[in-house]
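>>> Build me a model:
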Amino acid sequence: RRGLLHTDELLLTQFVSHAVSVSSMPGTPVIIGDRADNMLIVADRRRLARVIANLIDNARLHGGGAAEVRVEIPTGARQVAHIRVEDHGPGVPHHERRLVFERFARGGGAGRRAGNDGSGLGLALVAEHVRLHGGRVWVTDRADRTDGAAFIVELPAEDISADLDGEDPA
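All right, here's what the predicted structure looks like:
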């Protein structure tokens, strides 16, 4: 499954911060959640940077022009990390949330959010690259309940803090 990927071990927060800094909106705030600093991912640097860039482009073009990126470990999770790209646009209606990740999706929100060149490939490529990494991606409402969308990339991750301090994770 990962034969197509050229993977490296990457510290998640450093990688995300760098990917944002070379995106179309390099000033996008990156908010690091508790425990996220010690997460290691095995990823194809180029493909995963493209995922982040596409989500930031999507926020810039369809989400009100501003975004925040959050790197979080879900409560109770030990083997996954989330990269959340949140925008301030109109959001994505519930009935279109799966459609926006399909190739050439059209319709209300799908047509508006599908990709910057109108081909409908931007979010489909995001979904494909994330799947190749053993992860998943979805869209939901912003965590703070204000207007906008939150695109969440969930990736397998390893907490290396136990390795760093020589203790077993408990």
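
>>> going forward, measure contacts between C-alpha atoms and count neighbours the same way
Will do.

>>> quick one: His129 is in a helix?
Yes. Counting by DSSP: H, G, I helix; E, B strand; the rest coil, His129 is part of a helix.

>>> Is it correct that it is in contact with Arg47?
Yes. Counting by C-alpha atoms under 8 Å, His129 does reach Arg47; the two are 6.4 Å apart.

>>> how about stretch 141-150 as PDB, C-alpha atoms only?
Backbone C-alpha positions of stretch 141-150 (Å, rounded to 0.1, in the frame of the first residue of the first chain) are rendered in PDB as follows:
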ATOM      1  CA  ASP A 141     -18.100  22.300  11.300                       C
ATOM      2  CA  ARG A 142     -15.500  24.400  13.100                       C
ATOM      3  CA  ALA A 143     -14.700  23.300  16.600                       C
ATOM      4  CA  ASP A 144     -15.600  26.800  17.900                       C
ATOM      5  CA  ARG A 145     -19.000  26.700  16.200                       C
ATOM      6  CA  THR A 146     -18.400  29.900  14.300                       C
ATOM      7  CA  ASP A 147     -19.100  29.900  10.500                       C
ATOM      8  CA  GLY A 148     -16.700  27.900   8.400                       C
ATOM      9  CA  ALA A 149     -15.500  24.400   7.700                       C
ATOM     10  CA  ALA A 150     -12.900  22.200   9.300                       C
END
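
>>> can you give me how far that stretch is from the chain middle?
In terms of C-alpha atoms, centre = their mean, to the nearest Å, the centre of stretch 141-150 is set 15 Å apart from its chain centre.

>>> so after the lengthiest helix in the chain, what's the next helix or strand?
As assigned by DSSP state H, the longest helix anywhere in the chain is helix 45-62. Beyond helix 45-62 in the direction of the C-terminus, DSSP states H and E gives the next helix or strand as strand 67-72.

>>> Check which helices and strands the longest helix of the chain sits against.
Packed against helix 45-62, as judged by 3 or more C-alpha pairs under 8 Å, 6 or more residues apart in numbering; DSSP states H and E, are the following elements: helix 12-21, strand 67-72, strand 80-87, helix 108-113, helix 122-132.

>>> Buried residues, that helix. List them.
45, 47-62 (16 or more other C-alpha atoms under 10 Å).

>>> Pull the number of nearby residues for Arg131.
Here the number of neighbours of Arg131 (other C-alpha atoms under 10 Å) works out to 17.

>>> quick one on the thing from earlier: for Val153, find the nearest of the helices and strands packed on helix 45-62.
Proximity of the helices and strands packed on helix 45-62 to Val153 was assessed by C-alpha to C-alpha; the nearest stretch is strand 80-87, lying at 5.1 Å.

>>> shaky segments in the protein?
Scanning the chain for pLDDT under 70 picks out the ranges 1-3, 104-121, 162-170.
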